[in-house]
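Engineer: missing the sequence, but the structure's below:
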(Lines give C-alpha, C1' and ligand atoms only; values in the text may rest on other atoms or scores of the structure.)
Protein backbone atom coordinates (compact mmCIF):
# COMPACT_ATOMS: atom_id res chain seq x y z
CA UNK A 1 0.00 0.00 0.00
CA UNK A 2 1.08 3.59 -0.71
CA UNK A 3 1.91 5.55 2.43
CA UNK A 4 -0.50 8.30 3.37
CA UNK A 5 2.40 10.73 3.81
CA UNK A 6 3.50 10.14 0.21
CA UNK A 7 -0.01 10.85 -1.06
CA UNK A 8 -0.39 13.97 1.07
CA UNK A 9 2.98 15.37 -0.04
CA UNK A 10 2.19 14.66 -3.70
CA UNK A 11 -1.14 16.42 -3.34
CA UNK A 12 0.47 19.35 -1.52
CA UNK A 13 3.12 19.77 -4.19
CA UNK A 14 0.60 19.73 -7.02
CA UNK A 15 -1.73 22.08 -5.13
CA UNK A 16 1.11 24.53 -4.44
CA UNK A 17 2.32 24.61 -8.05
CA UNK A 18 -1.24 24.79 -9.44
CA UNK A 19 -2.26 27.66 -7.19
CA UNK A 20 0.97 29.55 -7.95
CA UNK A 21 0.32 29.02 -11.66
CA UNK A 22 -3.23 30.28 -11.34
CA UNK A 23 -1.98 33.58 -9.94
CA UNK A 24 -0.87 34.37 -13.51
CA UNK A 25 -3.54 32.67 -15.64
CA UNK A 26 -6.64 34.79 -14.87
CA UNK A 27 -4.86 38.05 -15.68
CA UNK A 28 -3.60 36.64 -18.99
CA UNK A 29 -7.05 35.39 -19.95
CA UNK A 30 -8.76 38.64 -18.98
CA UNK A 31 -6.37 41.37 -20.11
CA UNK A 32 -6.04 40.09 -23.66
CA UNK A 33 -9.64 40.99 -24.56
CA UNK A 34 -9.17 44.45 -23.08
CA UNK A 35 -6.24 44.83 -25.48
CA UNK A 36 -8.53 43.80 -28.34
CA UNK A 37 -11.10 46.44 -27.33
CA UNK A 38 -8.51 49.19 -27.00
CA UNK A 39 -6.79 48.42 -30.29
CA UNK A 40 -10.14 48.12 -32.08
CA UNK A 41 -10.96 51.69 -31.03
CA UNK A 42 -7.51 52.79 -32.24
CA UNK A 43 -8.04 51.18 -35.65
CA UNK A 44 -11.52 52.72 -36.01
CA UNK A 45 -10.66 56.23 -34.79
CA UNK A 46 -6.94 56.64 -35.42
CA UNK A 47 -6.65 58.31 -31.98
CA UNK A 48 -3.10 57.51 -30.90
CA UNK A 49 -3.98 57.46 -27.19
CA UNK A 50 -5.77 54.14 -27.78
CA UNK A 51 -2.62 52.75 -29.39
CA UNK A 52 -0.65 53.87 -26.34
CA UNK A 53 -3.21 52.19 -24.08
CA UNK A 54 -2.86 48.93 -26.03
CA UNK A 55 0.92 49.07 -25.89
CA UNK A 56 1.16 50.00 -22.21
CA UNK A 57 -1.35 47.46 -20.88
CA UNK A 58 0.11 44.96 -23.37
CA UNK A 59 3.51 45.41 -21.72
CA UNK A 60 2.06 44.35 -18.35
CA UNK A 61 0.21 41.52 -20.09
CA UNK A 62 3.47 40.27 -21.60
CA UNK A 63 5.26 40.18 -18.24
CA UNK A 64 2.43 38.16 -16.76
CA UNK A 65 2.24 35.84 -19.78
CA UNK A 66 5.94 34.95 -19.61
CA UNK A 67 5.77 33.93 -15.97
CA UNK A 68 2.50 32.07 -16.49
CA UNK A 69 4.10 29.93 -19.20
CA UNK A 70 7.07 29.15 -16.96
CA UNK A 71 4.90 27.86 -14.12
CA UNK A 72 2.48 26.04 -16.46
CA UNK A 73 5.13 23.89 -18.13
CA UNK A 74 6.37 22.65 -14.77
CA UNK A 75 2.82 21.86 -13.73
CA UNK A 76 2.14 19.59 -16.70
CA UNK A 77 5.37 17.65 -16.17
CA UNK A 78 4.15 16.66 -12.72
CA UNK A 79 1.62 14.28 -14.25
CA UNK A 80 4.56 12.13 -15.33
CA UNK A 81 6.78 12.61 -12.28
CA UNK A 82 4.36 12.63 -9.34
CA UNK A 83 1.23 11.02 -10.77
CA UNK A 84 2.60 8.28 -12.97
CA UNK A 85 -0.13 5.72 -12.28
CA UNK A 86 -2.78 8.31 -13.00
CA UNK A 87 -1.05 9.10 -16.31
CA UNK A 88 -0.98 5.40 -17.19
CA UNK A 89 -4.55 4.71 -16.08
CA UNK A 90 -6.15 7.81 -17.66
CA UNK A 91 -3.63 8.92 -20.27
CA UNK A 92 -5.74 7.77 -23.22
CA UNK A 93 -8.39 10.36 -22.34
CA UNK A 94 -6.58 13.02 -20.33
CA UNK A 95 -3.63 13.28 -22.70
CA UNK A 96 -5.73 14.10 -25.78
CA UNK A 97 -6.99 17.57 -24.77
CA UNK A 98 -3.58 18.51 -23.34
CA UNK A 99 -1.89 17.55 -26.62
CA UNK A 100 -4.45 19.52 -28.63
CA UNK A 101 -3.94 22.49 -26.31
CA UNK A 102 -0.23 22.49 -27.07
CA UNK A 103 -0.60 22.04 -30.82
CA UNK A 104 -3.65 24.23 -31.45
CA UNK A 105 -3.70 26.89 -28.76
CA UNK A 106 -0.28 27.39 -27.18
CA UNK A 107 1.61 27.63 -30.49
CA UNK A 108 -0.99 30.09 -31.83
CA UNK A 109 -0.86 32.17 -28.67
CA UNK A 110 2.94 32.19 -28.49
CA UNK A 111 3.36 33.10 -32.17
CA UNK A 112 0.82 35.91 -32.00
CA UNK A 113 2.30 37.40 -28.83
CA UNK A 114 5.63 37.77 -30.63
CA UNK A 115 3.95 39.53 -33.54
CA UNK A 116 1.99 41.69 -31.09
CA UNK A 117 5.14 43.15 -29.54
CA UNK A 118 7.35 43.34 -32.62
CA UNK A 119 4.79 44.00 -35.33
CA UNK A 120 3.69 47.55 -34.55
CA UNK A 121 5.95 49.10 -37.20
CA UNK A 122 5.83 46.13 -39.60
CA UNK A 123 2.10 45.49 -39.91
CA UNK A 124 -0.79 47.70 -40.94
CA UNK A 125 -3.37 48.67 -38.32
CA UNK A 126 -5.91 46.02 -39.37
CA UNK A 127 -3.19 43.36 -39.61
CA UNK A 128 -1.92 44.11 -36.11
CA UNK A 129 -5.45 44.10 -34.76
CA UNK A 130 -5.94 40.66 -36.33
CA UNK A 131 -2.79 39.51 -34.51
CA UNK A 132 -4.22 40.76 -31.20
CA UNK A 133 -7.54 39.02 -31.85
CA UNK A 134 -5.78 35.73 -32.68
CA UNK A 135 -3.65 36.11 -29.53
CA UNK A 136 -6.87 36.40 -27.53
CA UNK A 137 -8.41 33.43 -29.30
CA UNK A 138 -5.30 31.34 -28.64
CA UNK A 139 -5.35 32.27 -24.95
CA UNK A 140 -8.97 31.24 -24.58
CA UNK A 141 -8.52 28.06 -26.63
CA UNK A 142 -5.69 27.11 -24.30
CA UNK A 143 -8.03 27.53 -21.34
CA UNK A 144 -10.74 25.55 -23.14
CA UNK A 145 -8.68 22.41 -23.69
CA UNK A 146 -7.17 22.42 -20.22
CA UNK A 147 -10.62 22.80 -18.69
CA UNK A 148 -11.97 20.02 -20.89
CA UNK A 149 -9.31 17.78 -19.35
CA UNK A 150 -10.17 18.98 -15.85
CA UNK A 151 -13.90 18.72 -16.51
CA UNK A 152 -13.46 15.09 -17.47
CA UNK A 153 -11.82 14.46 -14.09
CA UNK A 154 -14.93 15.92 -12.47
CA UNK A 155 -17.39 14.01 -14.69
CA UNK A 156 -15.71 11.12 -16.58
CA UNK A 157 -17.92 10.69 -19.65
CA UNK A 158 -17.06 9.17 -23.03
CA UNK A 159 -14.71 6.54 -21.59
CA UNK A 160 -14.79 3.09 -20.06
CA UNK A 161 -12.45 0.70 -18.27
CA UNK A 162 -10.84 -2.03 -20.40
CA UNK A 163 -10.02 -5.05 -18.24
CA UNK A 164 -7.63 -6.37 -20.90
CA UNK A 165 -5.37 -3.31 -20.81
CA UNK A 166 -6.23 -2.47 -17.18
CA UNK A 167 -6.79 1.21 -17.97
CA UNK A 168 -9.46 3.69 -18.98
CA UNK A 169 -9.92 4.21 -22.72
CA UNK A 170 -11.79 6.86 -24.68
CA UNK A 171 -14.97 5.65 -26.38
CA UNK A 172 -16.48 8.97 -27.49
CA UNK A 173 -14.29 12.01 -28.10
CA UNK A 174 -17.31 14.25 -28.68
CA UNK A 175 -18.77 13.31 -25.30
CA UNK A 176 -15.49 14.36 -23.69
CA UNK A 177 -15.44 17.59 -25.70
CA UNK A 178 -19.03 18.56 -24.95
CA UNK A 179 -19.01 17.34 -21.36
CA UNK A 180 -21.48 19.64 -19.53
CA UNK A 181 -19.09 19.98 -16.59
CA UNK A 182 -16.22 21.01 -18.86
CA UNK A 183 -18.30 23.56 -20.76
CA UNK A 184 -19.73 25.09 -17.58
CA UNK A 185 -16.27 25.18 -15.99
CA UNK A 186 -14.77 26.83 -19.07
CA UNK A 187 -17.23 29.70 -19.37
CA UNK A 188 -17.24 30.28 -15.61
CA UNK A 189 -13.43 30.23 -15.35
CA UNK A 190 -12.71 32.49 -18.33
CA UNK A 191 -15.37 34.95 -17.13
CA UNK A 192 -13.57 35.06 -13.78
CA UNK A 193 -10.40 35.79 -15.75
CA UNK A 194 -12.13 38.66 -17.52
CA UNK A 195 -13.11 40.08 -14.13
CA UNK A 196 -9.47 39.81 -13.03
CA UNK A 197 -8.20 41.66 -16.09
CA UNK A 198 -10.83 44.37 -15.70
CA UNK A 199 -10.10 44.83 -11.99
CA UNK A 200 -6.37 45.05 -12.68
CA UNK A 201 -6.76 47.81 -15.29
CA UNK A 202 -9.40 49.68 -13.30
CA UNK A 203 -7.40 49.57 -10.06
CA UNK A 204 -4.19 50.90 -11.60
CA UNK A 205 -6.14 53.52 -13.56
CA UNK A 206 -7.73 54.58 -10.25
CA UNK A 207 -4.27 55.13 -8.80
CA UNK A 208 -3.36 57.42 -11.71
CA UNK A 209 -6.60 59.35 -11.25
CA UNK A 210 -6.04 59.72 -7.51
CA UNK A 211 -2.56 61.08 -8.30
CA UNK A 212 -4.08 63.26 -11.08
CA UNK A 213 -1.50 62.06 -13.58
CA UNK A 214 -2.04 61.05 -17.20
CA UNK A 215 -5.72 61.74 -16.62
CA UNK A 216 -6.93 61.36 -20.22
CA UNK A 217 -5.18 57.99 -20.53
CA UNK A 218 -6.40 56.80 -17.14
CA UNK A 219 -10.03 57.85 -17.65
CA UNK A 220 -10.27 55.98 -20.92
CA UNK A 221 -8.70 52.88 -19.35
CA UNK A 222 -11.00 53.16 -16.33
CA UNK A 223 -14.11 53.39 -18.52
CA UNK A 224 -13.19 50.38 -20.66
CA UNK A 225 -12.33 48.29 -17.59
CA UNK A 226 -15.52 49.29 -15.75
CA UNK A 227 -17.77 48.35 -18.68
CA UNK A 228 -15.93 45.10 -19.41
CA UNK A 229 -15.78 44.23 -15.72
CA UNK A 230 -19.51 44.80 -15.20
CA UNK A 231 -20.40 42.49 -18.10
CA UNK A 232 -17.88 39.91 -16.92
CA UNK A 233 -19.02 39.97 -13.28
CA UNK A 234 -22.62 39.43 -14.39
CA UNK A 235 -21.43 36.53 -16.55
CA UNK A 236 -19.54 34.96 -13.65
CA UNK A 237 -22.65 34.99 -11.49
CA UNK A 238 -25.00 33.68 -14.18
CA UNK A 239 -22.55 31.02 -15.35
CA UNK A 240 -21.75 30.14 -11.74
CA UNK A 241 -25.41 29.21 -11.39
CA UNK A 242 -25.02 26.86 -14.36
CA UNK A 243 -21.86 25.42 -12.83
CA UNK A 244 -23.80 24.76 -9.62
CA UNK A 245 -26.40 22.86 -11.60
CA UNK A 246 -23.81 20.63 -13.29
CA UNK A 247 -22.22 19.91 -9.90
CA UNK A 248 -25.65 18.91 -8.60
CA UNK A 249 -26.04 16.52 -11.53
CA UNK A 250 -22.60 14.88 -11.49
CA UNK A 251 -21.13 15.44 -8.00
CA UNK A 252 -23.85 15.38 -5.39
CA UNK A 253 -21.28 14.82 -2.65
CA UNK A 254 -19.51 18.07 -3.48
CA UNK A 255 -22.78 19.98 -3.55
CA UNK A 256 -23.87 18.58 -0.19
CA UNK A 257 -20.51 19.50 1.37
CA UNK A 258 -20.62 23.03 -0.07
CA UNK A 259 -24.05 23.53 1.47
CA UNK A 260 -23.36 21.68 4.76
CA UNK A 261 -26.47 19.68 3.93
CA UNK A 262 -26.32 16.75 6.34
CA UNK A 263 -29.90 15.60 5.87
CA UNK A 264 -31.98 15.34 2.72
CA UNK A 265 -34.46 18.20 2.86
CA UNK A 266 -37.91 18.35 1.26
CA UNK A 267 -37.85 19.78 -2.27
CA UNK A 268 -37.11 22.49 -3.11
CA UNK A 269 -34.20 22.77 -0.69
CA UNK A 270 -33.29 26.12 0.82
CA UNK A 271 -29.93 27.86 0.44
CA UNK A 272 -27.98 28.04 3.70
CA UNK A 273 -26.40 31.48 3.98
CA UNK A 274 -24.39 30.83 7.16
CA UNK A 275 -24.32 27.98 9.64
CA UNK A 276 -22.66 26.71 12.78
CA UNK A 277 -21.14 23.49 11.45
CA UNK A 278 -20.58 20.64 13.90
CA UNK A 279 -18.55 18.04 12.00
CA UNK A 280 -18.02 15.87 15.08
CA UNK A 281 -21.78 15.24 15.35
CA UNK A 282 -22.37 15.69 11.59
CA UNK A 283 -24.99 18.39 11.92
CA UNK A 284 -25.42 22.15 11.96
CA UNK A 285 -25.99 23.63 15.39
CA UNK A 286 -27.75 26.57 13.75
CA UNK A 287 -28.27 27.95 10.25
CA UNK A 288 -29.83 30.84 8.36
CA UNK A 289 -31.58 29.65 5.23
CA UNK A 290 -33.25 31.21 2.19
CA UNK A 291 -36.14 28.93 1.12
CA UNK A 292 -36.23 27.24 -2.29
CA UNK A 293 -33.05 28.79 -3.73
CA UNK A 294 -30.73 25.77 -3.49
CA UNK A 295 -33.35 23.49 -5.00
CA UNK A 296 -33.74 25.79 -7.99
CA UNK A 297 -29.97 26.11 -8.47
CA UNK A 298 -29.12 22.46 -7.94
CA UNK A 299 -32.03 20.76 -9.72
CA UNK A 300 -33.80 23.40 -11.87
CA UNK A 301 -37.06 22.17 -10.36
CA UNK A 302 -39.28 22.52 -7.30
CA UNK A 303 -39.93 18.81 -6.91
CA UNK A 304 -36.53 17.10 -7.12
CA UNK A 305 -34.66 16.47 -3.88
CA UNK A 306 -30.98 17.16 -3.26
CA UNK A 307 -29.56 14.27 -1.21
CA UNK A 308 -27.92 15.06 2.09
CA UNK A 309 -24.57 13.75 3.29
CA UNK A 310 -26.04 10.95 5.41
CA UNK A 311 -28.06 9.55 2.50
CA UNK A 312 -25.07 9.91 0.19
CA UNK A 313 -22.91 7.94 2.61
CA UNK A 314 -25.52 5.17 2.80
CA UNK A 315 -25.54 4.94 -0.99
CA UNK A 316 -21.74 4.99 -1.11
CA UNK A 317 -21.60 2.13 1.37
CA UNK A 318 -23.65 0.01 -1.03
CA UNK A 319 -21.35 0.96 -3.87
CA UNK A 320 -18.26 0.04 -1.86
CA UNK A 321 -19.72 -3.38 -1.07
CA UNK A 322 -20.50 -3.90 -4.74
CA UNK A 323 -17.05 -2.59 -5.56
CA UNK A 324 -15.47 -5.37 -3.52
CA UNK A 325 -17.08 -7.84 -5.92
CA UNK A 326 -15.84 -5.84 -8.93
CA UNK A 327 -12.25 -5.62 -7.64
CA UNK A 328 -12.20 -9.34 -6.79
CA UNK A 329 -13.47 -10.25 -10.26
CA UNK A 330 -10.94 -7.93 -11.90
CA UNK A 331 -8.06 -9.50 -10.00
CA UNK A 332 -9.27 -12.90 -11.21
CA UNK A 333 -9.26 -11.58 -14.79
CA UNK A 334 -5.72 -10.29 -14.37
CA UNK A 335 -4.66 -13.87 -13.65
CA UNK A 336 -6.90 -15.58 -16.23
CA UNK A 337 -8.04 -13.23 -19.00
CA UNK A 338 -10.40 -15.87 -20.40
CA UNK A 339 -12.28 -16.53 -17.16
CA UNK A 340 -15.86 -16.20 -18.42
CA UNK A 341 -17.44 -16.29 -14.94
CA UNK A 342 -15.14 -13.55 -13.62
CA UNK A 343 -15.82 -11.47 -16.73
CA UNK A 344 -19.56 -11.75 -16.27
CA UNK A 345 -19.33 -10.83 -12.59
CA UNK A 346 -17.03 -7.90 -13.36
CA UNK A 347 -19.34 -6.51 -16.04
CA UNK A 348 -22.28 -6.66 -13.62
CA UNK A 349 -20.43 -4.66 -10.95
CA UNK A 350 -18.02 -2.59 -13.09
CA UNK A 351 -19.78 0.71 -12.35
CA UNK A 352 -18.70 0.44 -8.70
CA UNK A 353 -15.09 -0.57 -9.36
CA UNK A 354 -13.72 2.80 -8.21
CA UNK A 355 -15.58 2.56 -4.90
CA UNK A 356 -14.08 -0.86 -4.25
CA UNK A 357 -10.62 0.57 -4.94
CA UNK A 358 -11.12 3.01 -2.06
CA UNK A 359 -10.48 0.09 0.28
CA UNK A 360 -6.97 -0.34 -1.15
CA UNK A 361 -5.97 2.56 1.08
CA UNK A 362 -6.42 0.27 4.08
CA UNK A 363 -6.06 -3.34 2.90
CA UNK A 364 -4.28 -5.11 0.04
CA UNK A 365 -7.04 -7.70 -0.37
CA UNK A 366 -10.38 -5.87 -0.39
CA UNK A 367 -12.17 -9.09 0.62
CA UNK A 368 -10.52 -8.73 4.02
CA UNK A 369 -12.07 -5.31 4.64
CA UNK A 370 -13.85 -5.33 7.99
CA UNK A 371 -17.02 -3.32 8.67
CA UNK A 372 -14.82 -0.76 10.43
CA UNK A 373 -12.59 -0.38 7.38
CA UNK A 374 -15.65 -0.03 5.17
CA UNK A 375 -16.86 2.71 7.53
CA UNK A 376 -13.54 4.51 7.07
CA UNK A 377 -13.84 4.27 3.29
CA UNK A 378 -17.41 5.56 3.46
CA UNK A 379 -16.31 8.57 5.51
CA UNK A 380 -13.53 9.21 3.00
CA UNK A 381 -16.09 9.75 0.23
CA UNK A 382 -17.13 13.10 1.73
CA UNK A 383 -14.58 15.94 2.04
CA UNK A 384 -14.45 18.04 5.19
CA UNK A 385 -17.50 20.27 5.19
CA UNK A 386 -16.24 23.38 7.02
CA UNK A 387 -13.55 24.48 4.50
CA UNK A 388 -15.87 23.71 1.58
CA UNK A 389 -18.80 25.63 3.08
CA UNK A 390 -16.91 28.80 3.98
CA UNK A 391 -14.60 28.87 0.95
CA UNK A 392 -17.62 28.82 -1.32
CA UNK A 393 -19.37 31.60 0.58
CA UNK A 394 -16.33 33.86 0.69
CA UNK A 395 -15.89 33.36 -3.05
CA UNK A 396 -19.52 34.24 -3.76
CA UNK A 397 -19.41 37.23 -1.40
CA UNK A 398 -16.35 38.63 -3.15
CA UNK A 399 -18.06 38.09 -6.50
CA UNK A 400 -21.06 40.21 -5.52
CA UNK A 401 -18.79 42.87 -4.00
CA UNK A 402 -16.92 43.15 -7.31
CA UNK A 403 -20.20 43.31 -9.22
CA UNK A 404 -21.31 46.23 -7.04
CA UNK A 405 -18.00 48.04 -7.55
CA UNK A 406 -18.09 47.63 -11.33
CA UNK A 407 -21.71 48.78 -11.45
CA UNK A 408 -20.97 51.98 -9.51
CA UNK A 409 -17.81 52.59 -11.53
CA UNK A 410 -19.59 52.15 -14.84
CA UNK A 411 -22.46 54.42 -13.81
CA UNK A 412 -19.94 57.05 -12.73
CA UNK A 413 -18.21 56.94 -16.11
CA UNK A 414 -21.56 57.52 -17.81
CA UNK A 415 -22.05 60.59 -15.59
CA UNK A 416 -18.42 61.65 -16.22
CA UNK A 417 -17.90 62.31 -12.53
CA UNK A 418 -15.33 59.66 -11.60
CA UNK A 419 -12.83 62.32 -10.53
CA UNK A 420 -15.39 63.67 -8.08
CA UNK A 421 -15.57 60.33 -6.25
CA UNK A 422 -12.19 59.66 -4.62
CA UNK A 423 -13.85 57.08 -2.37
CA UNK A 424 -14.72 55.04 -5.49
CA UNK A 425 -11.17 55.29 -6.80
CA UNK A 426 -9.76 54.20 -3.45
CA UNK A 427 -12.24 51.30 -3.28
CA UNK A 428 -11.18 50.18 -6.76
CA UNK A 429 -7.52 50.34 -5.72
CA UNK A 430 -8.03 48.35 -2.51
CA UNK A 431 -10.19 45.77 -4.32
CA UNK A 432 -7.32 44.80 -6.62
CA UNK A 433 -6.54 41.43 -4.89
CA UNK A 434 -10.17 40.26 -4.69
CA UNK A 435 -10.48 38.47 -8.06
CA UNK A 436 -7.36 36.42 -7.33
CA UNK A 437 -8.64 35.46 -3.89
CA UNK A 438 -12.01 34.48 -5.34
CA UNK A 439 -10.39 32.44 -8.14
CA UNK A 440 -8.10 30.55 -5.78
CA UNK A 441 -11.06 29.78 -3.50
CA UNK A 442 -13.05 28.59 -6.51
CA UNK A 443 -10.34 26.15 -7.49
CA UNK A 444 -10.05 24.96 -3.91
CA UNK A 445 -13.78 24.18 -3.86
CA UNK A 446 -13.57 22.40 -7.23
CA UNK A 447 -10.50 20.27 -6.46
CA UNK A 448 -10.75 19.64 -2.72
CA UNK A 449 -14.44 18.94 -3.20
CA UNK A 450 -13.59 16.13 -5.61
CA UNK A 451 -11.62 14.21 -2.99
CA UNK A 452 -11.00 11.33 -2.40
CA UNK A 453 -10.97 10.99 -6.19
CA UNK A 454 -8.47 11.96 -8.84
CA UNK A 455 -11.16 11.07 -11.38
CA UNK A 456 -14.54 11.31 -9.70
CA UNK A 457 -15.97 7.88 -8.88
CA UNK A 458 -13.32 6.08 -10.94
CA UNK A 459 -9.78 6.39 -9.58
CA UNK A 460 -9.00 7.20 -5.92
CA UNK A 461 -6.26 9.74 -5.28
CA UNK A 462 -4.20 7.39 -3.12
CA UNK A 463 -3.77 4.99 -6.08
CA UNK A 464 -2.73 7.71 -8.54
CA UNK A 465 0.68 8.72 -7.23
CA UNK A 466 4.14 7.70 -8.39
CA UNK A 467 6.33 5.49 -6.20
CA UNK A 468 8.61 8.27 -5.01
CA UNK A 469 10.47 8.61 -1.75
CA UNK A 470 9.15 10.98 0.87
CA UNK A 471 12.52 12.73 1.10
CA UNK A 472 12.57 13.44 -2.64
CA UNK A 473 9.10 14.97 -2.35
CA UNK A 474 10.16 17.19 0.53
CA UNK A 475 13.12 18.35 -1.54
CA UNK A 476 11.16 19.00 -4.72
CA UNK A 477 8.35 20.69 -2.79
CA UNK A 478 10.82 23.07 -1.16
CA UNK A 479 12.47 23.66 -4.53
CA UNK A 480 9.22 24.42 -6.33
CA UNK A 481 7.93 26.74 -3.61
CA UNK A 482 11.26 28.56 -3.50
CA UNK A 483 11.52 28.87 -7.28
CA UNK A 484 7.91 29.94 -7.73
CA UNK A 485 8.22 32.47 -4.93
CA UNK A 486 11.20 34.00 -6.72
CA UNK A 487 9.15 34.18 -9.92
CA UNK A 488 6.27 35.78 -8.06
CA UNK A 489 8.59 38.38 -6.54
CA UNK A 490 9.99 39.12 -10.00
CA UNK A 491 6.47 39.46 -11.39
CA UNK A 492 5.42 41.82 -8.60
CA UNK A 493 8.59 43.90 -8.95
CA UNK A 494 8.18 44.33 -12.71
CA UNK A 495 4.44 44.96 -12.51
CA UNK A 496 4.82 47.59 -9.79
CA UNK A 497 7.77 49.19 -11.58
CA UNK A 498 6.00 49.67 -14.89
CA UNK A 499 2.66 50.50 -13.28
CA UNK A 500 4.34 53.32 -11.34
CA UNK A 501 6.03 54.53 -14.52
CA UNK A 502 2.69 54.49 -16.27
CA UNK A 503 2.33 55.24 -19.99
CA UNK A 504 5.44 57.34 -19.68
CA UNK A 505 7.36 54.04 -19.90
CA UNK A 506 6.48 53.97 -23.61
CA UNK A 507 8.85 56.88 -24.24
CA UNK A 508 6.45 58.70 -26.55
CA UNK A 509 6.89 62.15 -25.01
CA UNK A 510 3.14 62.45 -24.52
CA UNK A 511 2.86 61.63 -20.83
CA UNK A 512 3.98 62.74 -17.42
CA UNK A 513 7.71 63.19 -16.89
CA UNK A 514 8.28 63.19 -20.64
CA UNK A 515 7.61 66.86 -21.33
CA UNK A 516 4.50 68.64 -22.48
CA UNK A 517 3.26 68.35 -26.02
CA UNK A 518 0.35 69.59 -28.06
CA UNK A 519 -1.19 66.14 -27.91
CA UNK A 520 -0.94 65.95 -24.13
CA UNK A 521 -2.60 69.34 -23.75
CA UNK A 522 -5.36 68.46 -26.19
CA UNK A 523 -5.97 65.11 -24.53
CA UNK A 524 -6.13 66.64 -21.06
CA UNK A 525 -8.57 69.35 -22.15
CA UNK A 526 -10.79 66.75 -23.83
CA UNK A 527 -10.70 64.17 -21.04
CA UNK A 528 -14.05 65.22 -19.61
CA UNK A 529 -15.74 64.32 -22.91
CA UNK A 530 -14.51 60.69 -22.86
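Structural biologist: Nice, thanks for sending it over. Computed from a prediction, not measured in an experiment: that's the story for all the values here. Numbering: from 1, shown residues only.
Engineer: so where do the helices sit in the stretch 101-250 of the chain?
Structural biologist: For the stretch 101-250 of the chain, applying DSSP state H, counting those that start in this stretch gives helices covering 107-118, 125-154, 173-177, 180-211, 215-250.
Engineer: so which of those comes closest to residue 42?
Structural biologist: Distance to residue 42, taken as Cβ to Cβ, is lowest for helix 125-154 among those, at 7.2 Å. All C-beta atoms are positioned from the backbone trio N, CA, C, and that covers glycine.
Engineer: buried set for the closest one?
Structural biologist: 128-154 (16 or more other Cβ atoms under 10 Å).
Engineer: stretch 335-342 too?
Structural biologist: By neighbour count with 16+ other Cβ under 10 Å, stretch 335-342 contains the buried residues residue 342.
Engineer: okay, how far is it across it, tip to tip?
Structural biologist: One end of stretch 335-342 to the other measures 10 Å (Cα to Cα, to the nearest Å).
Engineer: ok so, going back, dump the helices of the stretch 101-250 of the chain into JSON lines; add mean pLDDT and distance to residue 256 as well.
Structural biologist: Shown next, in JSON lines, are the helices of the stretch 101-250 of the chain (pLDDT from 0 to 100; distance: least, Cβ to Cβ, whole Å):
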{"stretch": "helix 107-118", "mean pLDDT": "92", "distance to residue 256": "39"}
{"stretch": "helix 125-154", "mean pLDDT": "95", "distance to residue 256": "15"}
{"stretch": "helix 173-177", "mean pLDDT": "95", "distance to residue 256": "26"}
{"stretch": "helix 180-211", "mean pLDDT": "95", "distance to residue 256": "17"}
{"stretch": "helix 215-250", "mean pLDDT": "92", "distance to residue 256": "9"}
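Engineer: among those helices, which is the most enclosed?
Structural biologist: helix 180-211 (a mean of 24; mean count of other Cβ atoms under 10 Å).
Engineer: that one packs against which elements?
Structural biologist: Packing partners of helix 180-211 (3 or more Cβ pairs under 8 Å, 6 or more residues apart in numbering; DSSP states H and E): helix 25-45, helix 125-154, helix 215-250, helix 385-415, helix 422-430, helix 434-448.
Engineer: of the ones you listed, which is nearest residue 71?
Structural biologist: Nearest of the helices and strands packed on helix 180-211 to residue 71, taken as Cβ to Cβ: helix 25-45 at 8.8 Å.
Engineer: same for the closest one, what does it pack against?
Structural biologist: helix 48-81, helix 125-154, helix 180-211, helix 215-250, helix 434-448.
Engineer: surely residue 11 meets residue 454?
Structural biologist: No - applying Cβ atoms under 8 Å as the test, residue 11 and residue 454 come out as separate, 9.6 Å apart.
Engineer: joint contacts of those two?
Structural biologist: Residues touching both residue 11 and residue 454 by Cβ atoms under 8 Å, 6 or more residues apart in numbering: residue 461.
Engineer: which of the helices and strands packed on helix 180-211 sits closest to residue 273?
Structural biologist: Closest approach to residue 273 among the helices and strands packed on helix 180-211 (Cβ to Cβ): helix 385-415, 7.7 Å.
Engineer: average pLDDT across stretch 65-80?
Structural biologist: Across stretch 65-80, the average pLDDT comes to 84.
Engineer: how far off centre is it?
Structural biologist: Here the centre of stretch 65-80 is set off from its chain's centre by 15 Å, with Cα atoms, centre = their mean, to the nearest Å.
Engineer: got the buried residues for that stretch?
Structural biologist: Going by neighbour count (16+ other Cβ under 10 Å), the buried part of stretch 65-80 is 65, 66, 67, 68, 69, 70, 71, 72, 75, 78, 79.
Engineer: residue 221 and residue 198 touch, don't they?
Structural biologist: No - between residue 221 and residue 198 there is no contact under Cβ under 8 Å: 10.4 Å.
Engineer: re earlier: output the helices and strands packed on helix 25-45 as a markdown table; include the columns distance to residue 300.
Structural biologist: Below are those laid out as a markdown table (distance: least, Cβ to Cβ, whole Å):
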| stretch | distance to residue 300 |
| --- | --- |
| helix 48-81 | 35 |
| helix 125-154 | 19 |
| helix 180-211 | 12 |
| helix 215-250 | 6 |
| helix 434-448 | 21 |
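Engineer: which one of those helices lies nearest to residue 495?
Structural biologist: Of all the helices and strands packed on helix 25-45, helix 48-81 comes closest under Cβ to Cβ, at 6.1 Å.
Engineer: which helices and strands does that closest one pack with?
Structural biologist: Applying 3+ Cβ pairs under 8 Å, 6+ apart, we find helix 48-81 packed against helix 4-21, helix 25-45, helix 84-100, helix 107-118, helix 215-250, helix 470-501, helix 518-525.
Engineer: starting at the chain centroid, how far to that helix?
Structural biologist: 17 Å.
Engineer: helix 180-211 and that one, what's the angle between them?
Structural biologist: Computed with axes from the mean of the first three to the mean of the last three Cα atoms, to 10 degrees, the direction of helix 48-81 lies at 140 degrees from that of helix 180-211.
Engineer: show me what contacts the residue nearest to residue 228 when sequence neighbours are not counted?
Structural biologist: Counting by Cβ to Cβ, 6 or more residues apart in numbering, residue 228 lies nearest to residue 198, which is 4.7 Å off, once chain neighbours are set aside. Counting by Cβ under 8 Å, 6+ apart, residue 198 makes contact with 30, 34, 225, 226, 228, 229, 232, 406.
Engineer: and with 6 Å instead?
Structural biologist: Applying Cβ atoms under 6 Å, 6 or more residues apart in numbering to residue 198 gives the contacts 225, 228, 229, 232.
Engineer: which one of those is nearest to residue 268?
Structural biologist: For the contacts of residue 198, the nearest to residue 268 is residue 232 (29.4 Å; Cβ to Cβ).
Engineer: now the closest one: how far from residue 190?
Structural biologist: 9 Å (Cβ to Cβ, to the nearest Å).
Engineer: please apply the same query to residue 410.
Structural biologist: Computed as Cβ to Cβ, the residue 410 to residue 190 distance reads 21 Å.
Engineer: with residue 70 instead?
Structural biologist: Going from residue 70 to residue 190 by Cβ to Cβ gives 21 Å.
Engineer: now render the contacts of residue 198 as CSV, adding distance to residue 309.
Structural biologist: Formatted as CSV, these follow (distance: Cβ to Cβ, whole Å):
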residue, distance to residue 309
225, 42
228, 40
229, 37
232, 34
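Engineer: closest to residue 17 out of those?
Structural biologist: residue 232 (26.8 Å).
Engineer: please name the nearest non-neighbouring residue to that closest one.
Structural biologist: Counting by Cβ to Cβ, 6+ apart, residue 194 is the residue found nearest to residue 232 once chain neighbours are left out, at 3.6 Å.
Engineer: quick one: the one you found and residue 30 touch, right?
Structural biologist: Yes - between residue 194 and residue 30 there is a contact at 4.5 Å, judged by Cβ atoms under 6 Å.
Engineer: nice, that's everything, thank you.
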